[in-house]
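# Structure, please.
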Amino acid sequence: MSPPRPQPPAASLSGFLDAHFTSAEDLPAAPALSELLRRECEGLGVSEKTWLPGTRGKRPLRAWSCRRSCGRSSGLTPFGCTRLEALVGNLEDATFSIVRQASKLNLSSVLRRASNGMEDKQEKLLRAVDAVRDIERELVKISLSRPQWTNLIVAVDSRVDKTLAILRPQALTDYRALLAALGWPPSLSSPDMEKDKYSQVPNPLVLMNEANKEKYSESFLALCALQHVQANREVRQCKMPAATPILSDSKYFDKTACFDNGLWAIDELVHPIVSRMEYHFSKWSEQPEFIFALVYKIAKDFMDGVDDILQPLIDQARLVGLSAKESWVTGMVKILLGYLETQIFPALVTSYHRNDNKLEVHSSWLHLNDQMIAFDKRMQLLVDSGIQKIAFISEGLSRSLSVFSIYSGHSDWLQIWADIEVNSAQDKLKSEMENETSWLFSINPQDELGDQESTTKFLLSTREDYKAPPVSEFVVKSASTMIDRSHALPNKGMKIQYTRSTSVQFLNDFFVVLHERCEALQLSNTALEDESLLRASYAINAARYCECVLREWDEDTTFLDMAAHRNENKEQIHKRSAQHRCSFFADEIAFLVKLGTNFLEQIMSSILIEFEDLSWDYVQNIGSSNEQNQSNDQVLDEENLEVSPGFVASLDVLRERIMKLKIYLNSKDFLDIWRSIAEGLDYFIYSSIRWGEVKFSGPGVIQLRVDAKALLRIFRPYCSRPEAFFPFVTDSLKLLTMRETDVQYFLEALKNGKDNDNCLGRRGLHHVDASQAVKVLRSKKIGG
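Sure, this is the predicted structure:
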């Protein structure tokens with residue numbers, strides 16, 4: 001029994017094969033056609049073996065797919081579906097035709113005048129672009145008028161994406177063939193370079209004749225048009241309710257952001273140069289400055305030609321806001337980034353994690369980043385030459401231009417760099433701190449005049465104004481240098497990570513040293529010495545100066561933006577006070593404020609305790625027997641009366657301490673501390689007198705006034721009315737010097753308890769209350 005004879009192919013299949021394979025020369029295009037069919041069949045859920053579409057007919061299977069999508073969306077089959085079917089079919093037919101024609105072109109025929117193959121392909125590519133543009137218009141109309149038809153839009157997008165996945169590689173392949181025919185890429189070496197004469201590399205784009213320039217322009221514009229419609233699709237897709245998280249990224253809402261990674265046409269100019277440059281790169285792995293110099297030289301040599309030839313084409317393609325210079329430099333930076341990421345940094349990271357020769361690795365890493373910073377600046381100047389930056393697109397382009405974007409995908413590398421930076425700065429600071437003179441401030445001879453009144457400056461800004469030691473300026477400059485380096489990083493997140501890990505960490509370590517130096521003095525537990533007072537004062541001045549600098553930095557827009565970005569990412573932002581929400585250095589400033597306040601209080605406490613110890617006997621004997629050994633003539637002659645002997649030593653020590661504080665402390669803190677000391681002394685003296693128990697005679701009151709004037713005289717160089725800071729002592733003396741008749745009347749008025757405040761106020765008594773005034777008056781000996 002003979003086997004059954006195979007059935008002849010269907011007429012539609014025969015027509016399809018005859019249309020795509022007219023001769024044996026068309027057979028090489030079969031794999032591309034098969035891949036396109038396979039992808040479309042997978043998306044539609046139809047086997048490739050049973051899908052036999054016609055090329056110019058009604059495409060029944062495709063129509064059924066679109067209508068089925070419409071039915072799922074709304075139960076209707078609108079006329080728009082038929083138009084979409086035709087547009088998608090036109091796109092697919094144009095793509096099939098381009099792929100089928102690809103095998104017929106070779107390098108020698110690309111620029112041949114008699115050959116129209118290249119022109120035909122460009123026309124077909126433009127027809128495909130027009131088809132995509134028309135499809136986009138229809139989809140936008142549907143999305144606005146019928147937003148519920150999401151299934152239809154998704155189905156069309158799926159077919160278009162699969163077609164573009166074949167169209168783009170073929171368009172790039174044809175563009176590369178044209179570049180190769182034009183002599184691109186040029187040789188990076190020349191006889192002049194071998195003779196150490198570094199002339200510019202010849203640019204084939206500039207050397208093109210008119211015919212070749214026309215062919216290149218058409219190819220460039222067609223590729224730009226393809227990228228432009230792709231950008232429009234991404235912008236539209238990101239606004240769909242079913243957009244993926246990637247497409248929903250806010251950057252896709254700006255059409256120019258879709259070109260952040262460069263233009264395809266210019267990227268294809270850059271890619272062929274890679275292999276030739278990497279040959280030189282491999283010889284300079286230990287000398288990265290040569291790598292950066294070569295990339296800069298190539299970018300600069302071709303810059304004028306790129307700008308003159310390609311910028312008019314970009315303008316003609318209506319890619320508003322895009323620059324040929326920026327796209328060219330972006331492509332060159334990507335070359336460098338690829339080599340650094342695969343060759344240079346992995347080797348450095350491996351060496352860093354080893355335990356041997358850390359110093360050399362640190363030096364190499366810092367040297368590499370210095371070169372990267374210098375390269376970034378040179379490339380940015382190259383881009384900005386002759387270009388007026390447009391604010392709303394410059395941020396995205398700068399993000400692509402920076403060679404420091406290598407750290408975006410390697411946060412561990414960024415942390416290593418930060419650790420190396422802070423370790424290097426700490427090593428330098430350690431040697432600086434070991435020199436004790438770095439902790440001392442050169443005292444102005446005018447300040448050593450002591451109690452002579454001089455003009456005091458309270459608007460402080462410099463280290464000299466704050467009387468801060470040189471080590472504080474070293475710390476500020478080191479931190480500022482690290483902050484300047486952070487400006488090279490392309491986004492806020494990286495800047496925050498680097499700044500917190502370098503300058504902030506470095507500052508915090510120094511602030512801890514300041515705290516430890518003051519703690520070691522044990523100001524509140526030991527007798528205050530001049531050396532301790534000097535060390536503590538200069539440490540406080542250093543803290544105040546650093547606080548001032550941090551507050552200035554906090555007002556900079558860069559840190560305001562970083563603080564806002566940092567707080568947005570905090571879950572418990574509401575727990576922070578309102579003034580700290582916009583402060584990048586809030587914690588550091590709070591630490592310094594607390595440090596200065598705490599140790600100023602300790603100094604003040606030590607001085608008051610010292611004064612109390614020296615004057616305790618005198619204070620306890622006030623009003624008891626000091627006036628009995630004096631004659632009335634001596635007592636009444638207040639101008640010639642000397643200070644009580646038991647009070648002299650305490651006044652001398654107090655005067656010496658205040659003078660030292662005036663010399664050592666900055667003017668603001670000195671103002672605060674002498675006023676606080678005065679208030680403490682006022683309270684101590686007033687509260688130590690046993691009011692109501694002792695009896696002041698006339699000579700006793702005068703002696704107390706003489707002693708009080710001697711105390712006020714210590715503070716007079718710093719204030720015209722020091723008695724304002726001794727309110728209780730001043731009020732007590734006013735009460736004790738009242739006439740006896742006034743005393744009786746006043747006591748009667750206070751006993752009534754009516755309007756005591758006004759009664760006290762009329763006598764100029766604004767601090768003691770009625771009960772205190774009565775006690776003081778009863779301590780005055782009547783008739784004595």
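
# Please make it C-alpha for all contacts and neighbour counts, starting now.
Noted.

# For the stretch 651-784 of the chain, which segments count as helices?
Applying DSSP state H, counting those that start in this stretch to the stretch 651-784 of the chain gives helices spanning 667-688, 698-715, 727-736, 740-752, 756-762, 770-778.

# Report the mean per-residue pLDDT for the helix ranked longest in the chain.
For the chain, the longest helix by residue count, based on DSSP state H, is helix 586-620. If you average the pLDDT over helix 586-620, you get 93.

# by contact count, what packs against that helix?
helix 505-521, helix 530-554, helix 645-664, helix 667-688 (3 or more Cα pairs under 8 Å, 6 or more residues apart in numbering; DSSP states H and E).

# Check what pLDDT Lys162 gets.
Predicted confidence (pLDDT) at Lys162: the value is 92.

# check which helix or strand covers it.
helix 150-181 (DSSP states H and E).

# quick one on the thing from earlier: list the buried residues of the longest helix of the chain.
Within helix 586-620, the residues that count as buried by 16 or more other Cα atoms under 10 Å are 586, 588-589, 591-592, 595-596, 599-612, 614-616, 618-619.

# what do you get for stretch 173-187?
For stretch 173-187, burial by neighbour count (16+ other Cα under 10 Å) applies to 174-179, 181-182, 184-186.

# now these in TSV, with distance to Trp417 and pLDDT?
Converted to TSV, the buried residues of stretch 173-187 look like this (distance: Cα to Cα, whole Å; pLDDT from 0 to 100):
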residue	distance to Trp417	pLDDT
Asp174	43	89
Tyr175	41	91
Arg176	39	90
Ala177	43	87
Leu178	44	89
Leu179	40	89
Ala181	45	87
Leu182	44	87
Trp184	38	86
Pro185	36	84
Pro186	37	83
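
# Can you tell me which of those is nearest Thr342?
In terms of Cα to Cα, no member of those lies closer to Thr342 than Pro185, at 23.1 Å.

# Contact partners for that closest one?
Contact analysis of Pro185 by Cα atoms under 8 Å, 6 or more residues apart in numbering lists 179, 204, 269, 272-273.

# do the same with Leu401
326, 329-330, 333, 376, 380.

# Just the ones in strands from these, please.
Judged by DSSP state E, strands contain none of these.

# Rebuild these as a markdown table, extending it with distance to Val129, neighbour count and pLDDT.
As requested, the contacts of Leu401 are exported to a markdown table (distance: Cα to Cα, whole Å; neighbours: other Cα atoms under 10 Å; pLDDT from 0 to 100):
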| residue | distance to Val129 | neighbour count | pLDDT |
| --- | --- | --- | --- |
| Glu326 | 25 | 26 | 88 |
| Val329 | 27 | 29 | 91 |
| Thr330 | 26 | 29 | 90 |
| Val333 | 30 | 25 | 92 |
| Asp376 | 37 | 20 | 93 |
| Gln380 | 34 | 16 | 89 |
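
# from these, which is closest to Pro717?
Among the contacts of Leu401, Asp376 lies closest to Pro717 (Cα to Cα), at 57.2 Å.

# Quick check: closest non-adjacent residue to that closest one.
Ser402 (6.1 Å; Cα to Cα, 6 or more residues apart in numbering).

# any idea which of the helices of the stretch 651-784 of the chain scores lowest on pLDDT?
Mean pLDDT per stretch puts helix 756-762 lowest among the helices of the stretch 651-784 of the chain, at a mean of 69.

# Let's see stretch 499-506 as PDB, backbone CA atoms only.
Once non-C-alpha atoms are left out, stretch 499-506 reads as follows in PDB (Å, rounded to 0.1, in the frame of the first residue of the first chain):
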ATOM      1  CA  THR A 499      28.200  63.500  52.900                       C
ATOM      2  CA  ARG A 500      26.900  61.700  56.000                       C
ATOM      3  CA  SER A 501      29.700  59.100  55.700                       C
ATOM      4  CA  THR A 502      32.500  61.600  55.200                       C
ATOM      5  CA  SER A 503      32.200  65.200  56.300                       C
ATOM      6  CA  VAL A 504      29.500  64.600  58.900                       C
ATOM      7  CA  GLN A 505      31.300  61.600  60.300                       C
ATOM      8  CA  PHE A 506      34.600  63.500  60.300                       C
END
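
# residues in contact with it?
For stretch 499-506, using Cα under 8 Å, 6+ apart, the contacting residues are 415, 418-419, 421-422, 425-426, 478-480, 482-483, 486.

# Likewise for stretch 86-93?
Residues outside stretch 86-93 that contact it (Cα under 8 Å, 6+ apart) are 55, 127-129, 131-132, 134-135, 156, 159-160, 163.

# The same query, at a cut-off of 6 Å, please.
Stretch 86-93 is contacted from outside by 128, 131, using Cα atoms under 6 Å, 6 or more residues apart in numbering.

# Identify each buried residue in that stretch, please.
Judged by neighbour count using 16+ other Cα under 10 Å, the buried positions of stretch 86-93 are 86-93.

# Out of those residues, which is nearest to Trp691?
Val88 (104.9 Å).

# Distance from the chain centre to stretch 649-661, please.
49 Å (Cα atoms, centre = their mean, to the nearest Å).

# buried ones in it?
650-651, 654-661.

# As PDB, could you dump the C-alpha coordinates of it?
Output of stretch 649-661 as PDB, limited to C-alpha atoms (Å, rounded to 0.1, in the frame of the first residue of the first chain):
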ATOM      1  CA  ALA A 649      40.800  87.800  98.600                       C
ATOM      2  CA  SER A 650      37.600  86.600  97.000                       C
ATOM      3  CA  LEU A 651      37.300  89.800  95.000                       C
ATOM      4  CA  ASP A 652      40.900  89.600  93.800                       C
ATOM      5  CA  VAL A 653      40.400  86.000  92.600                       C
ATOM      6  CA  LEU A 654      37.100  86.900  91.000                       C
ATOM      7  CA  ARG A 655      38.700  89.800  89.100                       C
ATOM      8  CA  GLU A 656      41.400  87.500  87.900                       C
ATOM      9  CA  ARG A 657      39.000  84.900  86.700                       C
ATOM     10  CA  ILE A 658      36.800  87.400  84.800                       C
ATOM     11  CA  MET A 659      39.800  89.000  83.200                       C
ATOM     12  CA  LYS A 660      41.100  85.600  82.000                       C
ATOM     13  CA  LEU A 661      37.600  84.700  80.600                       C
END
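
# returning to what we had before: and the helix holding Lys162, what other elements does it pack with?
helix 60-74 (3 or more Cα pairs under 6 Å, 6 or more residues apart in numbering; DSSP states H and E).

# what's the following helix or strand after the helix it packs on?
From helix 60-74, the next helix or strand downstream (DSSP H and E) is helix 79-102.

# re the thing from before, in TSV: the buried residues of stretch 649-661, plus pLDDT.
Output for the buried residues of stretch 649-661, formatted as TSV (pLDDT from 0 to 100):
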residue	pLDDT
Ser650	94
Leu651	95
Leu654	95
Arg655	96
Glu656	94
Arg657	94
Ile658	95
Met659	94
Lys660	94
Leu661	94
